[in-house]
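Enquirer: Mind looking at a prediction? Sequence and model below.
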Amino acid sequence: MNNHSQRKGILCVVSGPSGSGKTTLCRAFNEQDPDCSYAISCTTRPIREGEVNGKDYHFLDEDEFLARVEAGDLLEHARVHGNLYGTLKSSVIEQVENGKDVLIDIDVQGAALIRENQDPVISACYVDIFVMPASQEELEKRLGGRGTESAQDFDLRMQNAREEIDQWEKYHYAIISGTREEDLQKFSSIIHGERNRARRLQASPQY
Ligand code: 5GP
C-alpha cells in the first residue's frame, strides 16, 4: 500500500517563545523531508537584515495585511510583539487535502485560533507541538545572543516568552529544547508517529 497517497496531510502547528529554536527546527525538518512543506506567513514587521521577502515571510504593510484579512485569505492572524502576523489559507488547505504535510511556526494566539477552528478539514489534520528552552537562563542566553533586538525589544520578548510558556500544556506535544540534533530527532518521531495514526488513513489497506 502506498501510505502517502492514502492519507490526508498533517497540519503541524509549532509554537514556542522567541529563542526556543522552533523556526530553525521547522526549517531543518522541512529540508530533510520531501513530504512536508513549510508555510510562509505574512507579517507587517520590518524585514531584518539577511531576510528575503517571500522566503522568510511575505512582508506587507498594514493596509495590505488588513486587505488580506478582509478578503478571507488568512486561516488565522494575531498581533505579536506589536506587529501583525498571519497564515495564508492557500499555504495549508490544498496541501493537506493532497496528502502533503504542512508545518507552520506561529504564536500561541494563532495556535489557539486554529485549534478552535470547527472546519472538518482543519480539525482532522491538526496537531501541535510546543518547543521550549530548558530553563529561564537558557532562554535569556538565546534571546540575548540573537543580537537583532534593542534592549526594549528584548524585555518585551522576555515578557511575551513567559506568557507563551504559560500555554504549553494546551499542546499535544512538548519538546524541551536540547541540542539541534536532539530536537530534530524528537520532532521527527512526533511527525512520523502522527503520519501513522489510523484516523489519517483514507481507505482500508487492500489485502
Ligand atoms: P519573528 O518576527 O521573530 O519571526 O516572529 C515573532 C513571532 O511571530 C514568533 O512567535 C512566530 O512564531 C510568530 N509568527 C510567525 N508567523 C506567524 C503567523 O502566521 N501567525 C501567528 N499568529 N504568529 C506568527
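Expert: Cool, got the structure.
Enquirer: which residue does the protein bring closest to the ligand?
Expert: Gly110 (2.5 Å; CB to the nearest ligand atom). The way it works is simple: take the backbone N, C-alpha and C, and place the C-beta from them, glycine included.
Enquirer: Pretty sure that residue sits against Leu74.
Expert: No: contact between Gly110 and Leu74 fails when scored by CB atoms under 8 Å: they sit 9.6 Å apart.
Enquirer: which neighbours do those two share?
Expert: Common neighbours of Gly110 and Leu74, counting by CB atoms under 8 Å, 6 or more residues apart in numbering, are 86-87.
Enquirer: Where does pLDDT dip in the chain?
Expert: Counting by pLDDT under 70, the chain shows low-confidence ranges at 1-5, 145-149, 203-207.
Enquirer: For the residue nearest the centre of it, list each beta-bridge partner.
Expert: The residue lying closest to the centre of the chain (CA atoms, centre = their mean) is Asp105, at 2.0 Å. Per DSSP bridges, the residues bridged to Asp105 are Val14.
Enquirer: so how far is Gly21 from it?
Expert: Asp105 is 11 Å from Gly21, where distance means CB to CB, to the nearest Å.
Enquirer: and if you look at Asn117?
Expert: Counting by CB to CB, the gap from Asn117 to Gly21 is 27 Å.
Enquirer: before we move on, back to that, is the residue nearest to the centre of the chain in contact with Lys22, as I believe?
Expert: Yes: proximity of Asp105 to Lys22 meets the contact threshold set by CB under 8 Å, at 5.4 Å.
Enquirer: intersection of neighbour lists for the two?
Expert: Common neighbours of Asp105 and Lys22, using CB under 8 Å, 6+ apart, are 14-15.
Enquirer: picking up where we left off before, more neighbours: which of Asn117 and Gly21?
Expert: Taking other CB atoms under 10 Å, Asn117 and Gly21 do not tie; Gly21 has more neighbours (21 against 15).
Enquirer: How many residues are close by the closest residue to the more buried one other than its chain neighbours?
Expert: Distances taken as CB to CB, 6 or more residues apart in numbering place Ser177 nearest to Gly21, at 5.3 Å, with adjacent residues excluded. Residues within reach of Ser177, counting by other CB under 10 Å, total 21.
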